[in-house]
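Novice: what follows is a predicted protein model with its sequence.
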Amino acid sequence: NAGVTQTPKFQVLKTGQSMTLQCAQDMNHEYMSWYRQDPGMGLRLIHYSVGAGITDQGEVPNGYNVSRSTTEDFPLRLLSAAPSQTSVYFCASSSEYRGASEQYFGPGTRLTVT
Amino acid sequence: SQKIEQNSEALNIQEGKTATLTCNYTNYSPAYLQWYRQDPGRGPVFLLLIRENEKEKRKERLKVTFDTTLKQSLFHITASQPADSATYLCALEGGSQGNLIFGKGTKLSVKP
């Protein structure tokens, strides 16, 4: 049982480049989400999904796209990277929506945009 | 405006003492409140969840209280150890879609 996995662990992009951050979970959780963590800002929700085929925006969605074609996978796409997207990105999953159950976090992807 | 605040950015205590971390919130009415631990370079790890109708929850050396009148949660680590040194995050159900909102965290350092 690997839990929540994320790839890559580190990534450096140039401004304007695009890339996809991968996230997968093997716990059959319906609810998955993407956060970014910046110094002094805490964790902020980017996008989330309550099940395959259903996604919605969180607090800071601009510049990011998501899709959920399977229960297991929830990739995050940066369309045209900007220095403001330099951050640590965490994917999380849980068995219930809202705050009713614990969230399992992946190890994170540290992204630098130059 | 809605806010979730953790009392201090850093807390230093001596080994063996009880660490008390505070999470205050305004303009939320969460049904649940959670606490997580985060070590450097790693993702947060869930510790405890407490519901609005529960006053207190315990797990080994950890204790969480939830006062919906004061809009405050206290997180206690008794008999603290250097291995408890980490950043602790509180999170509550409060986003516009009912999602979790996280505090900025308190960095706890336990000195031997």
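Specialist: Okay, I see it.

Novice: for the residue nearest in space to the middle of chain A, list the residues it contacts.
Specialist: The geometric centre of chain A, computed from its C-alpha atoms, lies nearest to residue A:34 (C-alpha atoms, centre = their mean), at 2.8 Å. Contact analysis of residue A:34 by C-beta atoms under 8 Å, 6 or more residues apart in numbering or on different chains lists A:21, A:23, A:45-48, A:58, A:64, A:66, A:74, A:76, A:89-92. C-beta here means a position set from N, CA and C on the backbone, and glycine is covered the same way.

Novice: tell me what it is bridged to.
Specialist: residue A:47, residue A:91 (DSSP bridges).

Novice: relative to chain B, how far out is it?
Specialist: When distance is defined by C-beta to the nearest C-beta, to the nearest Å, residue A:34 is 11 Å away from chain B.

Novice: these two touch, right, residue B:103 and residue B:87?
Specialist: No - with contact defined as C-beta atoms under 8 Å, residue B:103 and residue B:87 do not form a contacting pair (10.3 Å).

Novice: between the two, tell me which one has more neighbours.
Specialist: Under the neighbour definition other C-beta atoms under 10 Å in any protein chain shown, residue B:103 and residue B:87 were set side by side, and residue B:103 has more, 25 against 18.

Novice: neighbours around the residue lying closest to the more buried one once chain neighbours are set aside, how many?
Specialist: Distances taken as C-beta to C-beta, 6 or more residues apart in numbering or on different chains place residue B:6 nearest to residue B:103, at 4.2 Å, with adjacent residues excluded. Neighbours of residue B:6 under the rule other C-beta under 10 Å: 23.

Novice: so residue B:6 is in contact with residue B:35, correct?
Specialist: No - using C-beta under 8 Å, residue B:6 makes no contact with residue B:35, being 10.2 Å away.

Novice: give me the common contacts of these two.
Specialist: With C-beta under 8 Å, 6+ apart as the test, residue B:6 and residue B:35 both reach B:23, B:88-90.

Novice: residue contacts, the residue nearest to residue B:103?
Specialist: Going by C-beta under 8 Å, 6+ apart, residue B:6 touches B:21-24, B:88-90, B:103-106.

Novice: and those residues as CSV, adding pLDDT and distance to residue B:49?
Specialist: Shown next, in CSV, are the contacts of residue B:6 (pLDDT from 0 to 100; distance: C-beta to C-beta, whole Å):
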residue, pLDDT, distance to residue B:49
B:21, 97, 16
B:22, 97, 18
B:23, 96, 13
B:24, 96, 18
B:88, 97, 14
B:89, 97, 13
B:90, 96, 11
B:103, 94, 15
B:104, 94, 20
B:105, 95, 17
B:106, 95, 18
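
Novice: ok, those residues vs chain A, which is closest?
Specialist: Lowest distance from chain A to the contacts of residue B:6 (C-beta to the nearest C-beta) belongs to residue B:104, with 4.1 Å.

Novice: for that closest one, phi and psi?
Specialist: With angles defined as degrees, to the nearest 10, residue B:104 sits at phi -80, psi -10.
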